[in-house]
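**Q** 3D, please:
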Amino acid sequence: MRGWTLILALLLAAMTVTLAWGVRPVSLLDLWQASTAPDPLDPAHVAILSIRLPRLGAGLVAGAALGMAGSVMQALTRNPLADPGLLGVNAGAAFAVVLGALLLGRADGGLITALAFPGAALATLAVFVLGGGLSGDAGPVRLTLAGAALNALLLSCVSAVVLVRGEALEVFRFWMAGSLAWAIERPVAMMALVVLSGAVLALAAAPRLELLSLGDALARGLGTRPGRIQALALLAVTLLVGAAVSVAGPIAFLGLMVPPLARRVAGHSLRRELVASALLGAGILLLADTAGRLLLAPAEIRAGVMTALLGGPVFIWIARRLKPGAQA
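**A** Reported below is the predicted structural model:
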């Protein structure tokens, strides 16, 4: 119970500092007045409602989605070092955005959203097919290897495109870092519904995913169809990560570092872990974004860079404490 209280306190604190702290700090009184009686002529109210509130919404959506996607990925691959990027989801979105910008000659917020989501979805579908999902032979090792191979292929294609065309390089450079700065240009409300759909699928698949951790043969003996559950889990990851990428770009390491922390609170229940991962992911992303805005103000360090700085040490910590066959 104490762990859940800490998670909720972290999320509430992260939401508060996101709205209150920035290049121009505002008081709690300004926050209250902006929410109850907004004044369109008050600069503090304008900053809160027009800039920071959309940013808060984008952080909640993307952080919760990536946290849950990380938990599903680690349960699906039985690998505590797994990350949503492992299946090539981020690389698929990046390739679609860069290729679309090259072919269409523009890279506005609407185009990025329209291309990132199907790019992520097609990459995940390709991993499922290459990993043997259609024949029912998919397993954690095959899915991981297929994802790593596709990720390398797509990133190589992205590199080839950006080296040939300078305008594509500009799009790639600014989009790949991951940021909440363009929240006002993104369809955050629509993507929140997509994340909700992915969360429902993940929660529905959670008990069966736990059975898969016992081994495919035993899971089949208990009435589970591994191929169907793997497809459902991959669909959930596609919806979650596709929505997060559409809102904030590819945020590195968040899906890796959140699930081990969530497991310490949730115990051995994957459903509880998913809820804890959603809350922790949102809170950590919001805090990382706020820190990035404050450290070099008025310049900004992008949220994806901040999560990478946090996630690198967490990755090393998890890797060092792993034993053969153990989970974090």
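
**Q** wait, Gly22 sits on Ala291?
**A** No: proximity of Gly22 to Ala291 does not meet the contact threshold set by Cβ atoms under 8 Å, at 11.4 Å. For every residue, glycine as well, the C-beta is placed using N, CA and C.

**Q** Compare those two and say which is more crowded by neighbours.
**A** More crowded of Gly22 and Ala291, by other Cβ atoms under 10 Å: Gly22, with 20 against 16.

**Q** residues contacting Ala189?
**A** Ala189 makes contact with Gly57, according to Cβ atoms under 8 Å, 6 or more residues apart in numbering.

**Q** Now name the helix or strand holding it.
**A** Using DSSP states H and E, Ala189 sits in helix 188-212.

**Q** what's the average pLDDT for the host helix or strand of Gly147?
**A** Taking DSSP H and E as the definition, Gly147 sits inside helix 140-164. Across helix 140-164, pLDDT averages out at 77.

**Q** Just the buried positions in it, please.
**A** Residues of helix 140-164 classed as buried by neighbour count (16 or more other Cβ atoms under 10 Å): 140, 142-144, 146-147, 150-151, 154, 158, 161-162.

**Q** Contacts only, for Leu125.
**A** 234, 238.

**Q** Low-confidence stretches in the stretch 201-328 of the chain?
**A** In the predicted model, the stretch 201-328 of the chain carries pLDDT under 70 at residues 212-227, 318-319, 321-328.

**Q** same thing but 80
**A** Where the stretch 201-328 of the chain drops to pLDDT under 80, the residues are 210-230, 250, 252, 296-299, 311-328.

**Q** Around Leu66, how many other residues sit close by?
**A** Neighbours of Leu66 (other Cβ under 10 Å): 36.

**Q** Can you tell me the element it falls in?
**A** helix 53-77.

**Q** now Ala47
**A** helix 43-47.

**Q** who does that helix touch, helix- and strand-wise?
**A** helix 28-36 (3 or more Cβ pairs under 8 Å, 6 or more residues apart in numbering; DSSP states H and E).

**Q** which phi and psi does the closest residue to Ala14 other than its chain neighbours have?
**A** Among residues not flanking Ala14 along the chain, Leu286 sits closest, at 3.8 Å (Cβ to Cβ, 6 or more residues apart in numbering). According to degrees, to the nearest 10, the main-chain angles of Leu286 amount to phi -60, psi -40.
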